[in-house]
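Engineer: Below is the sequence, then the predicted model.
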Amino acid sequence: MTLTLDSFNRYTSQELKFLTEINEDVEIKLIQEGDIKYIRATNILKRPDELAEFLSKFPAEDRNKTIFNGGSTENTSSAPGFQQYIKDFYFSSWNKSIFNIGKDYKLYKYNKCDFDNFTNCCYPGMLAYKKNFLPHTDSFGVAANVYLTDVPNTYTSFFRIKTKSGRYVHNEFDLKYLSREDADDLSSSEAAFDPLFNKIQAALNAGREVKIEVTEI
């Protein structure tokens, strides 16, 4: 095989800005649910299909394929699908625009933020990997999700559990700070966790394969 310049997916910074240009008609809404405040933006990109095409050219390890082929993976991500890790410099203009939207709505107190970008791709029949079916919290100061699929009901979820003492648990990391009373209450409460969670966890503890069907991508 002979490599030529045309063998490489090369882009200019102008093209990257073009692909990630914010739509002037974007619909932005500030939403508050209890003590959780977030922004929902509809029709945020001018060229979502072109951006999706660009992203499809980035390499990504599919851990399902790795394991099915008898291999092991160094990828410890808790993402439910396969990911592409795209550094900030590719989308720096877009990331600044997204940050500024949150800043305009006073979602945070600092004046700048560096983003890393991760895609998350799922497909029908994909198996869960370790505990990536569980709710989690991104360990970042700011997080934003942008959906490029054609599925109309794609979304993310927020969750919390109220303990016996009145303290809220927002993620697995909060669990280690619970009092013994709250920890015992959560472990014995049928209302704290969905029965499906317990069934999945029991199967994993027993070393059995757990399959979660994805009907749409």
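Structural biologist: That came through, no problem.

Engineer: quick one: stretch 56-65 to chain centroid distance?
Structural biologist: 16 Å (Cα atoms, centre = their mean, to the nearest Å).

Engineer: what comes into contact with that stretch?
Structural biologist: With Cβ atoms under 8 Å, 6 or more residues apart in numbering as the test, stretch 56-65 has contacts from 9, 73, 75, 82-84, 86, 119, 121, 126-127, 129. Heads up, the C-betas are built off the backbone N, CA and C, glycines and all.

Engineer: List only those of those flagged as buried.
Structural biologist: 82-84, 86, 119, 121, 126-127, 129 (16 or more other Cβ atoms under 10 Å).

Engineer: For those residues, work out which two are farthest apart.
Structural biologist: Maximum pairwise distance in those, criterion Cβ to Cβ, is 24.7 Å, between 86 and 127.

Engineer: circling back to that earlier point, among the contacts of stretch 56-65, name the ones in strands.
Structural biologist: residue 86 (DSSP state E).

Engineer: Adding distance to residue 96 as columns, could you present the contacts of stretch 56-65 in TSV?
Structural biologist: Formatted as TSV, those follow (distance: Cβ to Cβ, whole Å):
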residue	distance to residue 96
9	24
73	33
75	28
82	27
83	23
84	21
86	15
119	19
121	25
126	33
127	37
129	33
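
Engineer: Looking at the contacts of stretch 56-65, spot the one nearest residue 104.
Structural biologist: For the contacts of stretch 56-65, the nearest to residue 104 is residue 86 (24.8 Å; Cβ to Cβ).

Engineer: what are the bridge partners for that closest one, then?
Structural biologist: For residue 86, the beta-bridge partners are residue 117 (DSSP bridges).

Engineer: Was I right to think it contacts residue 120?
Structural biologist: No: counting by Cβ atoms under 8 Å, residue 86 stays clear of residue 120, with 11.9 Å between them.
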